[in-house]
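Engineer: Build me a model from this:
(one chain, ligands or ions: 1)
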Amino acid sequence: MNPLTLWPVAASEQAARIDTLFAGLLVLSGAILLLVGGLLLAFGARYRRGSHVRRGELPGFLRRDVEIGWTAGTLFLALFLFWWASTLALRGNAAPPDALEIHVLAKQWMWKVRHPGGAREIDALHVPRGEAVRLVMTAQDVIHSFYVPAFRLKQDVLPGRFTEMWFRATRTGDYRLFCAEFCGTQHSHMGGMVTVMEPEDYTRWAAVQPREQDLAGEGAALFTALGCAGCHAPSAAVHAPRLEGLYGRSVPLADGSRVQADAAYLRDSILQPKRAVVAGYEPIMPSFEGVVDEADLQRLVAYIQSLGEAAR
Ligand code: CUA
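Structural biologist: Numbering: from 1, shown residues only. Model prediction:
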């Protein structure tokens, strides 16, 4: 990018909308500045010391109607701006169901990326153009923030939680990725490159990546290694909830409430099993707090998610 360019390239669907919002706010603020500044100068000149103008009480309509008018006007303007910006933000929240799901793990000081087929990369992210991409992110140590200026997107990545963000890239090319949350001495070097490719090229790229087990595959191995299967497998003697088809379902809890079995719920259930016990089961599951780290949690949740999709 030309270093003299003031406006960064817009490479995602969201970027165009954010730019329109920004330009709108800029024009509006400029207009208000001109109006207020102009009035200030005009009144300053008109009512300067010694000028022969009327300085008595204002006529009644100026005191009342004009006051009500500008108060109501600015109120509606502010509400309109709120509506505009918040609908944009809300639209950015929910990813389309067919979005390509990519896992991101942040740690001091790198971005580790896992693609659905098992391809993995560090400080780089390859995505297909025109397709919805959903990033499911977590951090291993401290708070980081995934920031791609060309996409006009920034999302904090927190330890102990999954955060999500989605986008649809609109033009091919390489775009800088930054960490936008101070996370230690090497924070300023924590970055990388997002490469947007034509969908065919992305498929070809993913196909030639070293074939490793994907997250779900690693999760399955871990599931066995940790002994989870001892209770949760169909053949297990212990009465524990079955995990097939669980992901995304609404689950009844012992206290009568219901909860959506999403990534966050599964994560919590592995770490704090006693917090939300499924109706009809004994609270006998041990906590895996301190046993599994964030990377392992990502694997286990991906495995349980894959069980859900298999059953659907
Ligand atoms: Cu990671 Cu700053």
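Engineer: From now on I want contacts and neighbour counts done on CA atoms only, so please keep to that.
Structural biologist: Fine.
Engineer: quick one: secondary structure of residue 30?
Structural biologist: helix (DSSP: H, G, I helix; E, B strand; the rest coil).
Engineer: What's the separation between it and residue 38?
Structural biologist: Residue 30 is 12 Å from residue 38, where distance means C-alpha to C-alpha, to the nearest Å.
Engineer: Then residue 182?
Structural biologist: The value you get for residue 182 to residue 38, if C-alpha to C-alpha is used, is 42 Å.
Engineer: try residue 194
Structural biologist: The value you get for residue 194 to residue 38, if C-alpha to C-alpha is used, is 46 Å.
Engineer: Settle it for me: which of these two has more neighbours?
Structural biologist: The neighbour comparison of residue 194 against residue 38 (other C-alpha atoms under 10 Å) goes to residue 194, with 21 against 12.
Engineer: how many neighbours does residue 57 have?
Structural biologist: Neighbours of residue 57 using other C-alpha under 10 Å come to 7.
Engineer: Report the contact partners of residue 222.
Structural biologist: Contacts here follow C-alpha atoms under 8 Å, 6 or more residues apart in numbering; on that basis residue 222 touches 296, 299-300.
Engineer: So which bits of the protein are right by the ligand?
Structural biologist: Residues of the chain lying close to the ligand by C-alpha under 6 Å from any ligand atom are 109, 144, 179-183, 187, 190.
Engineer: Bridged to the nearest residue to residue 154 once chain neighbours are set aside, which residues?
Structural biologist: Excluding the flanking residues, the one nearest residue 154 by C-alpha to C-alpha, 6 or more residues apart in numbering is residue 147, at 4.3 Å. Bridge pairing for residue 147 (DSSP bridges) gives the partners residue 154, residue 178.
Engineer: close enough to count as contact, residue 147 and residue 155?
Structural biologist: Yes. Counting by C-alpha atoms under 8 Å, residue 147 touches residue 155, with 6.6 Å between them.
Engineer: From residue 44, how far out is the residue of the stretch 1-150 of the chain found nearest the ligand?
Structural biologist: Residue of the stretch 1-150 of the chain nearest the ligand, by C-alpha to the nearest ligand atom: residue 144 (4.1 Å). For residue 144, the distance to residue 44 equals 50 Å [C-alpha to C-alpha].
Engineer: can you check residue 109 too?
Structural biologist: 56 Å.
Engineer: State the pLDDT value of residue 312.
Structural biologist: Looking at residue 312, its pLDDT stands at 44.
Engineer: correction: residue 1
Structural biologist: At residue 1, pLDDT is 49.
Engineer: what sits against the most centrally placed residue in the chain?
Structural biologist: When C-alpha atoms, centre = their mean is applied to the chain, the residue found nearest the centroid is residue 165 (3.0 Å). Contacts here follow C-alpha under 8 Å, 6+ apart; on that basis residue 165 touches 92-93, 95, 134-136, 155.
Engineer: Residue 167: helix or strand, and which one exactly?
Structural biologist: Assigned by DSSP states H and E, residue 167 belongs to strand 163-168.
Engineer: do residue 126 as well
Structural biologist: strand 124-128.
Engineer: who touches the very next helix or strand once past that strand?
Structural biologist: Toward the C-terminus, strand 124-128 is succeeded by strand 132-139 as the next helix or strand (DSSP H and E). Residues from elsewhere that reach strand 132-139, judged by C-alpha under 8 Å, 6+ apart: 95-96, 98-107, 127, 157-169, 294.
Engineer: next one: strand 132-139 to chain centre, how far?
Structural biologist: Computed by C-alpha atoms, centre = their mean, to the nearest Å, the chain-centroid distance of strand 132-139 equals 7 Å.
Engineer: Looking at the chain, which residue reaches furthest from the middle?
Structural biologist: Distance from the C-alpha centroid of the chain peaks at residue 52, with 61.6 Å (C-alpha atoms, centre = their mean).
Engineer: And the pLDDT at residue 142?
Structural biologist: Model confidence at residue 142, given as pLDDT, is 91.
Engineer: State the distance from the nearest residue to it once chain neighbours are set aside to residue 262.
Structural biologist: Excluding the flanking residues, the one nearest residue 142 by C-alpha to C-alpha, 6+ apart is residue 159, at 5.9 Å. Computed as C-alpha to C-alpha, the residue 159 to residue 262 distance reads 17 Å.
Engineer: Looking at these two now, which is surrounded by more residues?
Structural biologist: Neighbour totals were compared for residue 159 and residue 262, and residue 159 leads with 20 against 15 (other C-alpha under 10 Å).
Engineer: For that one, list the residues it contacts.
Structural biologist: Residue 159 makes contact with 138-143, 294 under the criterion C-alpha under 8 Å, 6+ apart.
Engineer: Tell me the one of those residues nearest residue 71?
Structural biologist: Nearest to residue 71 among the contacts of residue 159 is residue 143, at 41.8 Å by C-alpha to C-alpha.
Engineer: what about that closest one, how many neighbours?
Structural biologist: By other C-alpha under 10 Å, neighbour count at residue 143 equals 21.
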